[in-house]
Each structure stands twice: as structure tokens, then as C-alpha cells.
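Enquirer: build the 3D model from these lines:
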Amino acid sequence: MGWTANDIPDQSGRVAVVTGANGGLGLSTARDLAAKGAHVVMAVRNETKAAAAVEQIRAAVPDASLELVALDLSSQASTKEAAATILAAHPKVDLLVNNAGVMGIPQSKTVDGYEMQFGVDHLGHWTLTALLLPALVQTTGSRVVTVTSTAHHMGRAVDPANPHLDGNYGAWKAYGQAKLANFHFGLGLQRELEKAGAPTTSLIAHPGLSNTDLQAVSVEESDGEFWAKFFHLLSTRIGMTADDGALPQLRAATDPAARGGEFYGPLFVNNGRPVRKPIFRRLGMSSAIAKLWEVSERETGVKLSISSGA
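Expert: Next comes the predicted model:
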């Protein structure tokens, strides 16, 4: 039968931060962690959706321990404020799931001037992770799980000379770059954690083709652009449910056998039970990770520094 949410070990006493926990994969992840006893910090942008998500989780898990924190990953100021709020309440964090994202949208900029998909999917999570690291490295067995996509295969590594694709934008080109950045970030973070001897590990996961509201939002925001409509139709016809699509990130987050630097996804590329996947595109990866670090620190002004603390 394979790994399911029933295989998640007891999470009692653990603090889990999940971005984008008000819908889709994030909602399923938050619910399943809460069902196993975790205190789940739902870091979300849309407060109306968040309130509905809390009700939905509590309908399934009446004793769920939930906390809402406002987080708009398209704003560095909001991201820093969210991190400060979380740290003030939780000096130790056991789990950070970098789940939120936008996909295949027309060209737009964040309030900080970043290309929106790179800014939300990567740079927002860069800053959030960097600022929460002190609480993570104080916690033995803590994990950071960054959610990428099979679209990382069509992405190009970030170009330090033009990270926001000015004059060279394509909705799916930008999405591929952002998801490859997620891929490189998760692996690069594991290298940094190992160098520092930290008790925290970093893993990556992808949901395959999942029928979530991300697909519908992509169609809406792209004004019915062909590829957005195509992937939405595909997900409604043959895509997995959000609950099944969330299993790879839940396994990366909680499976006692999972190790830092591992990659989890569906068995059959975009469908199937969650399994550990091979990591391809290793040629040039160290250089790509170094460039991503350079761009991320330069653009956000936030350095990702790690000191072991547990």
C-alpha cells in the first residue's frame, strides 16, 4: 500500500510552521500534522480563507492546536514581521514546511521589485527560513522541507545578471526558474547545515500533478492562457487529490527514516505513493547553488547564517 498519513509518527509537543496552510497542499499538511498532535502555525496571506481553513481542520480534528500568523511572501516586510511573531511565541521550532507559492502568472512585481514567482516562491521563503533558523537549530531533529515541482526540470538556474527575467519573461519560464530555485535551495541549505554541524536537516519534495486551488488560481490570473488551462484540465482529469499530493512533503517532514538532502515525490513521476526520488541535474549544481545564494543575499539583504545550538 505504501506510506500514508497514518504512518506519520506522534507529533505531540512539536511546533510545525506551514506556509500557505489555508488551502490545497498546505491545508492537507496542516491538518495531518495537527491530527498527530503537532501545534501548527498556519502562516497565511488570506485571512478569510485562513478562518475557513481553521474551521475545516477543526471539523476533522476537534482538538487541533492551531495558530494563525499573517504572512505575505510577496513582501519582505511582512515576511520579517511573521518570522518575528513566530520567534516571539516559539523559541524552538521543529518543522518548517515551505509550501506556499504562485504558478504560471503574467509578469508582475512584488512590492520589493522582484519578479513575482521568484519573489514569492523563493525569496520570501529564503528570508523566512533564514530568520527562523535560530529556532530550528535549537531543536534536535528539526527539519526544513521545501516544496518544489516537476517543473524544476524545465527551469534554468538563476542568472545573477538578470534574476527577475527583465526583458525575457515567460510565465512558465519564470515558474520553472522559481521551482528550480526551490530545489537548489533545499539541497544548498542541507550542505550549509552539515557544515555547521547543526541538528537540523533540509529536504525537498514535490506533489506531482495535484488538483488544488493553485491550478485554478493560475488559470484565473493568467486570463485563460493556454498552458494554465491545459495543466488545470489535466489536474482535474488525472491529478491526485490535495491529500495525496501532500504526502511527499509530509513524508519528508516526518518519516523517521528520511535523511537530510533527500527528495520525495510520487512513485510514477506525477502520480502514485510518496517515495524517495533520485536527484538528477547534479552537473553544475554547486555553481548554481552558489549563484542562488549570491542573488538571494544581494536581493533581500538577508544572510543565511547557521550556528549549531541544540
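Enquirer: low-confidence ranges in the stretch 51-200 of the chain?
Expert: Applying pLDDT under 70 to the stretch 51-200 of the chain flags no residue at all.
Enquirer: which residues in it form strands?
Expert: 65-70, 95-98, 143-147 (DSSP state E, counting those that start in this stretch).
Enquirer: so which of those is the most packed in?
Expert: strand 95-98 (a mean of 28; mean count of other Cβ atoms under 10 Å). (C-beta placed from N, C-alpha, C; glycine too.)
Enquirer: list the contacts of that one.
Expert: Under the criterion Cβ atoms under 8 Å, 6 or more residues apart in numbering, residues 14-19, 26, 29, 33, 38, 125, 128-129, 132, 136, 142-147, 182, 249, 253-254 lie in contact with strand 95-98.
Enquirer: neighbours around the spatially closest residue to Gly141 that is not a sequence neighbour, how many?
Expert: Spatial nearest neighbour of Gly141, chain neighbours left out: Pro199 (6.7 Å); criterion: Cβ to Cβ, 6 or more residues apart in numbering. By the criterion of other Cβ atoms under 10 Å, Pro199 has 16 neighbours.
Enquirer: by contact count, what packs against whichever helix in the chain runs longest?
Expert: When the chain is scanned for its longest helix (criterion: DSSP state H), the result is helix 171-196. For helix 171-196, the packing partners by 3 or more Cβ pairs under 8 Å, 6 or more residues apart in numbering; DSSP states H and E come out as helix 116-117, helix 125-136, strand 143-147, strand 201-205, helix 226-238, helix 285-300.
Enquirer: got these as JSON lines, with distance to Lys277 columns?
Expert: Formatted as JSON lines, these follow (distance: least, Cβ to Cβ, whole Å):
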{"stretch": "helix 116-117", "distance to Lys277": "23"}
{"stretch": "helix 125-136", "distance to Lys277": "20"}
{"stretch": "strand 143-147", "distance to Lys277": "13"}
{"stretch": "strand 201-205", "distance to Lys277": "9"}
{"stretch": "helix 226-238", "distance to Lys277": "20"}
{"stretch": "helix 285-300", "distance to Lys277": "15"}
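Enquirer: among the ones you listed, which comes closest to Ala89?
Expert: helix 125-136 (10.0 Å; Cβ to Cβ).
Enquirer: chain center to the closest one: distance?
Expert: Between the centre of helix 125-136 and the centre of its host chain there is 13 Å, according to Cα atoms, centre = their mean, to the nearest Å.
Enquirer: same thing with stretch 56-70?
Expert: On Cα atoms, centre = their mean, the centre of stretch 56-70 falls 20 Å from that of its chain.
Enquirer: same check on stretch 89-107?
Expert: With Cα atoms, centre = their mean, you get 5 Å for stretch 89-107.
Enquirer: tell me which residues in it are buried?
Expert: 90, 92-105 (16 or more other Cβ atoms under 10 Å).
Enquirer: so Ala130 sits right up against Lys303, yeah?
Expert: Yes: if you go by Cβ atoms under 8 Å, Ala130 and Lys303 touch, sitting 7.0 Å apart.
Enquirer: who's more crowded, the two?
Expert: Ala130 (21 against 9).
Enquirer: can you pull the contacts of that one?
Expert: Here Ala130 is in contact with Val302, Lys303, Leu304, Ser305 (Cβ under 8 Å, 6+ apart).
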